[in-house]
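A.B. asks: Here's my sequence, what's the structure:
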Amino acid sequence: KVTSIDKANVLGATGTYWREVVNDIHWLEYPDVELEHVYVDAFNAFLFTRPTQYRVILTSNAYGDILSDGAAGLAGSVGLLPSVSLNLSDGYGLYEPGGGTAPDIAGKGIANPIGMILSVALLFRCTLKDEATAQAIERGVEQALREGYRTADLAQNGGKPHRIESTLDMTNAILNRIEIK
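C.D. replies: Sure, this is the predicted structure:
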């Protein structure tokens, strides 16, 4: 199921064009995939009231940026979110943390590496088709978090960390818990 996010009810030219293109591609190339359209303002509310109803979100960069920050708040930190922009025609993708590159904190050792590490899991899952490695990476992240490893952004958002780690230490804590079977 794909949920396409737009504002076709107000932004006539761009909103209706987005919807027309999405519908055309859906019927021509992916008719077996369920497609729904939701207005961005309504989806913003649904993101918090029923987040488990959505799997794949298709939207413009502007709406995606706004909604990803909301999802980050729901998750606890923008540093936790993975992201991928896939080019379905050639199979390549851009894998990056959902919060972007955070140049304002570059080199300070305070960035949360989890979003990037989980983006690598998406690389294994989506492009390399290696589900076992993707799951091993995800389990490594889960285990480190369960054991109380945290970066400062998680502690600032109400978390009660066992220990606050630098970017490198958090990365190593996760890497040391990845077991590929």
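A.B. asks: Quick one: distance of the worst-scoring helix or strand of the chain on mean pLDDT to the chain centre.
C.D. replies: Least confident helix or strand, the chain: strand 163-164 with a mean of 74, by mean pLDDT, DSSP states H and E. On the basis of C-alpha atoms, centre = their mean, to the nearest Å, strand 163-164 sits 24 Å off its chain's mean C-alpha point.
A.B. asks: Neighbouring strands - and their directions - for that strand?
C.D. replies: If you go by DSSP bridges, strand 163-164 pairs up with strand 149-150 (parallel).
A.B. asks: what's the distance between the strand it pairs with and the middle of its chain?
C.D. replies: What separates the centre of strand 149-150 from the centre of its chain is 20 Å, taken as C-alpha atoms, centre = their mean.
A.B. asks: Which residues belonging to whichever helix or strand comes after that strand are considered buried?
C.D. replies: Using DSSP states H and E, the helix or strand that follows strand 149-150 in sequence is helix 152-156. By neighbour count on 16 or more other C-beta atoms under 10 Å, the buried set for helix 152-156 is 152-154. C-beta: built from backbone N, CA, C; applies to glycine.
A.B. asks: Looking at those, which is nearest residue 59?
C.D. replies: Distance to residue 59 across the buried residues of helix 152-156 (C-beta to C-beta) is lowest for residue 153, with 24.9 Å.
A.B. asks: and the nearest residue to the closest one once chain neighbours are set aside, how far is that from residue 13?
C.D. replies: Sequence neighbours aside, residue 77 is the residue nearest to residue 153 in space, at 4.5 Å (criterion: C-beta to C-beta, 6 or more residues apart in numbering). According to C-beta to C-beta, to the nearest Å, residue 77 stands 36 Å off from residue 13.
A.B. asks: the more surrounded of these two?
C.D. replies: Taking neighbours as other C-beta atoms under 10 Å, residue 77 and residue 13 compare with residue 77 leading, 21 against 7.
A.B. asks: Pull the residues that contact stretch 80-93.
C.D. replies: The contact list for stretch 80-93, computed with C-beta atoms under 8 Å, 6 or more residues apart in numbering, reads 68, 71-72, 75, 94-99, 112, 114-119, 121-123, 126-127, 154.
A.B. asks: That one: how far from the chain's middle?
C.D. replies: 11 Å.
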